[in-house]
Structure formats: C-alpha cells, structure tokens
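1. Sequence unavailable; structure follows:
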C-alpha cells in the first residue's frame, strides 16, 4: 500500500512532541486564551438555536447517505460541473492532484497563483509541489499569510496561526512582508487594526495582478454542480472572482446531493466553527463565467480506503469546523504541531492514522492522544463519535511489548477472582514497602502525583470477614 | 428486589471504604445488596487501551457474575459507562454473551442513578459538616449523563456546604492509561484542575469515580494542599453517629 502524504513529515511520536509543547508557556497562554474564547462563543450561539439537535441529526444523516452513495453523487457532480462549462479532473492521490494542478497553471503561462485557504491543498503539499515547478503560491487568508511569511506550519484547521499572538505577528509582518511583495509600513504597531491594514495593502496588490487562483471548497452540490466556500475576510471572494482561471481542489467527501442540503450545513458550520450565526462571506459558483476558466480536481488521497471501514468511515462526515479542537483539553495544552499532520486535534487523531496508516511511530501514537473525555463528540455538528473511533483504532494499533506483557498479566489476574484476592492480600502485606517513585513508564505518574495508599484489607476480604458488615 | 453490588476492581483493591460505604448506605435505605464473589474487573482498561480480546473475556465474566439480579449498582460512573456503552459492541448481535449483556445492561445503575431513579430518594439522611466541591467526571457527565443527580443528593446532606467548581466539566487528565502514555499532557490538565479545586476553598473534593479522584488527589497530596478527596458514597454514608470507617 502506498503511504498517503498529509502535508507534514511524520516525526516523533505524539507524547514527545506534546511534552515539549506543554513546557512552552507562551504557547500554552496563547492557546488557552484563543480556544476558550472560541469555545464560549460557540456555546452561546449553539444554545440559542432551538433546533440544534435536529440540525445535527440532519447533518449526520445527509452526510451518511451521501457517503453510502458517493459513487453516484460524484458522477452526477461531474456531469453538472461539465454542463455548466467547468472541467473535472480525478486525482487518486496527492501526487496526481499536484501534477494536474501544476499542468493547468503552466498551460496558462503564469508563474504566480493566489490561494484561498484550503485544507485539501495543504494535505497534498501543493505549495511545495508548485514551487518545484517554478510556480509561486501566495496564501491570501490572513492567518495563512502569517504562517507563510513566518515560514511556519499551520496549527489549527480554522485558525492556522492560533499559536501566535499579535506581537509575534507584528514581527513577522515587519520582517518578511517585503520578501513577498509590498512591505509592511515602517511604523507598524501590534494593534489588530494596524496589522489588518498592512495585510490588506499587501494582499490587494497581489489580487489585482494575479491571473490564476487555487481554492478548496466547503461543499460541492451534485445536483447543480455548484461549489461553496464559507469565509470571514472576503479575501477568498477576491480569489474566486478576480483571476481568469480558477482551480478548485476538493476532497471527494465534500459532495452534497442537493442545493437544499445547504440549509442544514450553512447553519451548522458557522455556529460550530467561528461561533457566528452566519459567516460574513458565502461564495457560490457554478461552472465558469464568460471569459473565465474553471477546473475542479476531485481528490481521493486515501478517502476510499477510509470509506471501507465500518467504524472509522464516520470521520469522512467531517466538515472541518474545528469545534472538536477548540473544546479538546489535550489540544488546548499541546497545540496543533504535536499532531504532525495538517489535521490536528481529535479529528486529526482519527483521520490521520486512517488516511496515512499506522506505519510510523507518530501515527501509531495519535489514537492515544486523547483521555477519551468525550467533549469532541458532544460538540461535533455531524455527530462523529470520535472516542469510539479512537478506541477502535487503538485495537488495531500494534502495541509495545512491555505494555502487552503488563496487559496480559492484568488479564490473567482478573480472569479468576481468587487470583485477584491473593494479589490484594500480598499488596496489603507489602504496603509499607510501596516506593514513592515508580520506575520506567510508570514514573510518568509519580513524577507529579502521589500514589494512593494500599489498604490493609480489600473490599472482598472485608465482605468475607464480616459477612458484608453484618457481623 | 435482588440487588448486586459491582464494586469495581479499583474500589475493591485500593478504596474498600467506598464499597463499605455503599453497602451501609443501601442498608440504611432498606436495601440488602449482594456481592457476587466472581466479579473482578469490567475490562475498561483493556478495551480503552486497545486490547479488545482481553476486554471481551472480562466482559463475559462480568455479565456472567451479574446476570439474574433486578439491579446492579456501580459506585463508578466510568465502569457503569463501560458496561452500558461498550458491552453491547463487544458482545455482537447474537449468541449467549449478547443475551446476557442485553439482560444486564438495562439493569445497571451508577450509584446516584439507583438512589434517585430506582429508590426515589434524594435525602439519604447524611451528615457531613464540611465545605465540599464536586467534580463531574467525564464518563459520568458525557457518558451516562448523570446530570444533577449527585448535586441533588449532596444538597440534602446536613451540614454540608456545597461550593461550585469552576470549569467543572473539563477533564482532569486521568483517562486510564492516558495518564502514563501522555504523562506530560495529563499532568498539565491535572494541574489546571487542582488550581480550580484550590480556588473554591473547599476542604473536600468529591466525585462519582475514585480513579479520577486518585489522579487529582495524587497531585493535591504531592502539593501538600490539605484538600482531601472522597468518593460521593462516603459522604452520603456519613451520619451524625457514624462515619465511614
């Protein structure tokens, strides 16, 4: 099986990345502040929607139905897009998608493209692939611009620069904008309005002179061939309307059967992601306008394999709202980079190992990057039972031998109540010898926490001795 | 009504006071619980760490020990959630194991559910003159949806001053083997929980799960905070004349 590339190299296992992240006090502070703000906003706009439970169930059902009939809807989408004057391309993996996009850009004779924020193109490493072909991709989403200028990696699905505060952003703008186009003003402060103005001036120049744009899409409507992008800044709308050629790279799971299905998702997505009743910009386009060209690249990149898994395929319902990241106590403390994938947080912990397999140490560790607290499932607008998928992936992950031995020993003890009773009595007798610090992997507990005192007598021995307290 | 106590392996081995408290509390309320001797562990640690075969074996043992009773009382939201949420999936759709699971699951109650829903009691006649805060553990809160049952019971306890815990619904970072596999993140989560507990000025932190309390209490103890942790059952069992032990 080929290894699916997800935009970031597989590195060290999650616990080691996480250990470094939790010691970074600036990162902890930035993340805590940002996730808690979005979390509270989401909670309030969800609470005010009286039919949220019904909307969530409708979202789940529509996505489930679409995935069950994906072959049919994809063909219908292709027909509708083609009929509206667009061109449809099929890409089995990231390499093929990158080749198709590079070829389309080259055919225009251009060497620069502007980009709408897109998870799919990050997943396949499109910017890097275009760079190798002599094509420069300019990110135009404000947060993506910050990441690109800072030669950084995104750490959140919706807020890629969530790990940065405004003082850091000012520094990045002042230092690196000039290398990518119009420089930042000399007297740039870290006031949000000043930072936004610097980005606006920098990006406007870019929009006006670039002839090719690349986007993803939040939804693709099979019935009409319409693509839909939701955004906050309007920079996406600039990319989608100004350039002569538009290329959209879209995962095959983004298809929705009919126009009216948007009624559900245009309510679920903004409330779950930015915590807004409605997002500022919703752009929809069907085929190509007069004098313009539109290409749709439909991307598989491991998705068909996920679809075959009865438990795991619910991950394909994901609409990339990032509510699960914002509510996750693990993500809040580690940030997105620890997950080693463009999909961080709880959804990344189930999506990445399914798309990429569990060949690397990092990918094997991702299903364990959760305390199974269930907060992600509770906020998911399409009811993906993330904890259940995590447990299912854990059952399929290869386990290290010391752990296997420990689990086998525990299983052997629990197999007979007499064995458990004997172990309890031995523990009771040796209770004074219990060390304060445990060795090896068990030391993770005793580094920061005391062990409980072992009692002289177990409950079952008490029960036998006293006839359940009656003697 | 034939009632079985599924005490859980953690309480049996490390926190026998909690088991004793449940037995005495139920006796005071007119219920003589039985302790099926064959019970050991529900299998949650194995299931959640990815050892499905062992979990299936332990689930089989547990339902064999617990079937035939009118009610099974579990002083742990987490283990009750394991039986109710995960056993059906482990048992499959048919066969004797699935039948046993189908019989046991609807009769399995976490302690506060049994008190409030089955016995219909909210005032258990307890006395506990301390400042107490309550941590709703994840599986109690989002797994089996205990709701305000524990708080309803605590509010009726004489002498008890109940103070709300800020950020109560956030995980303490225990998560079973998560605390070992991701010790740094787990400790960071626990540190925030400990700070929230200390901010309340409570003398006692209680919950419906001793495993989470062992985790939070382990850090409270290491920090010599003076705050102690106690299972909810031990508070509900205390009276003016008799403590837990």
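-> Sure, I can see it. What you are looking at is a predicted structure, and each value in this text was computed from that prediction instead of being measured.
2. Need the contact partners of stretch B:196-207.
-> Under the criterion C-beta atoms under 8 Å, 6 or more residues apart in numbering or on different chains, residues B:130-137, B:140, B:154, B:163-168, B:213, B:216-217, B:220, B:225-232, B:235 lie in contact with stretch B:196-207. In this view, the C-beta of every residue, glycine as well, is placed from N, C-alpha and C.
3. pLDDT wise, what is residue B:70 at?
-> On the pLDDT scale, residue B:70 is placed at 98.
4. what's the neighbour count on it?
-> Per other C-beta atoms under 10 Å in any protein chain shown, the neighbour tally for residue B:70 reads 10.
5. and it, what does it touch?
-> B:1, B:2, B:3, B:107.
6. Show me which of those are buried.
-> Taking 16 or more other C-beta atoms under 10 Å in any protein chain shown as the criterion, what is buried in those is B:3, B:107.
7. out of the contacts of residue B:70, who's nearest residue A:228?
-> residue B:107 (48.8 Å; C-beta to C-beta).
8. Just list the residues touching that closest one, thanks.
-> Here residue B:107 is in contact with B:69, B:70, B:71, B:72 (C-beta under 8 Å, 6+ apart).
9. one more time with 10 Å
-> Going by C-beta atoms under 10 Å, 6 or more residues apart in numbering or on different chains, residue B:107 touches B:3, B:4, B:66, B:67, B:68, B:69, B:70, B:71, B:72, B:73, B:83, B:118.
10. follow-up on the earlier one: which ones among the contacts of stretch B:196-207 map onto strands?
-> If you go by DSSP state E, those have B:131, B:132, B:133, B:134, B:163, B:228, B:229, B:230, B:231 in strands.
11. all strands of chain B, in order?
-> B:3-5, B:33-34, B:71-74, B:108-110, B:131-134, B:161-163, B:204-207, B:228-231.
12. same thing with the stretch 101-250 of chain A?
-> Remark: strands assigned in the stretch 101-250 of chain A by DSSP state E, counting those that start in this stretch are A:112-115, A:136-139, A:212-215, A:219-221, A:226-231, A:245-251.
13. could you dump the ones you listed to TSV with mean pLDDT, mean neighbour count and distance to residue A:377?
-> Converted to TSV, the strands of the stretch 101-250 of chain A look like this (pLDDT from 0 to 100; neighbours: other C-beta atoms under 10 Å in any protein chain shown; distance: least, C-beta to C-beta, whole Å):
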stretch	mean pLDDT	mean neighbour count	distance to residue A:377
strand A:112-115	98	23	32
strand A:136-139	97	20	32
strand A:212-215	98	25	30
strand A:219-221	98	24	23
strand A:226-231	98	22	23
strand A:245-251	98	24	22
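14. Next, format those as CSV and append distance to chain B.
-> Shown next, in CSV, are the strands of the stretch 101-250 of chain A (distance: least, C-beta to the nearest C-beta, whole Å):
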stretch, distance to chain B
strand A:112-115, 33
strand A:136-139, 30
strand A:212-215, 35
strand A:219-221, 29
strand A:226-231, 28
strand A:245-251, 28
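15. Tabulate the ones you listed in CSV, adding columns for distance to residue B:52.
-> Formatted as CSV, those follow (distance: least, C-beta to C-beta, whole Å):
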stretch, distance to residue B:52
strand A:112-115, 43
strand A:136-139, 43
strand A:212-215, 42
strand A:219-221, 36
strand A:226-231, 40
strand A:245-251, 30
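16. how about these, which one is nearest residue A:72?
-> Per C-beta to C-beta, nearest to residue A:72 of the strands of the stretch 101-250 of chain A: strand A:219-221, 14.0 Å.
17. Does the closest one pack against any helices or strands, and if so which?
-> Here strand A:219-221 touches helix A:70-83, strand A:226-231, strand A:245-251, strand A:255-256, helix A:262-273, strand A:281-286, going by 3 or more C-beta pairs under 10 Å, 6 or more residues apart in numbering or on different chains; DSSP states H and E.
18. and for stretch A:168-178, what are the contacting residues?
-> By C-beta under 10 Å, 6+ apart, stretch A:168-178 touches A:26, A:30, A:142-143, A:145-152, A:161, A:164, A:183-192, A:194-195, A:198-199, A:201-202.
19. quick one: contacts for the most centrally placed residue in chain A?
-> With distances taken as C-alpha atoms, centre = their mean, the residue of chain A nearest its centroid is residue A:343 (3.1 Å). For residue A:343, the contact set (C-beta under 10 Å, 6+ apart) comprises A:6-8, A:119, A:122-123, A:157, A:315, A:318, A:320, A:322, A:325, A:336, A:349-352, A:355-356, A:366.
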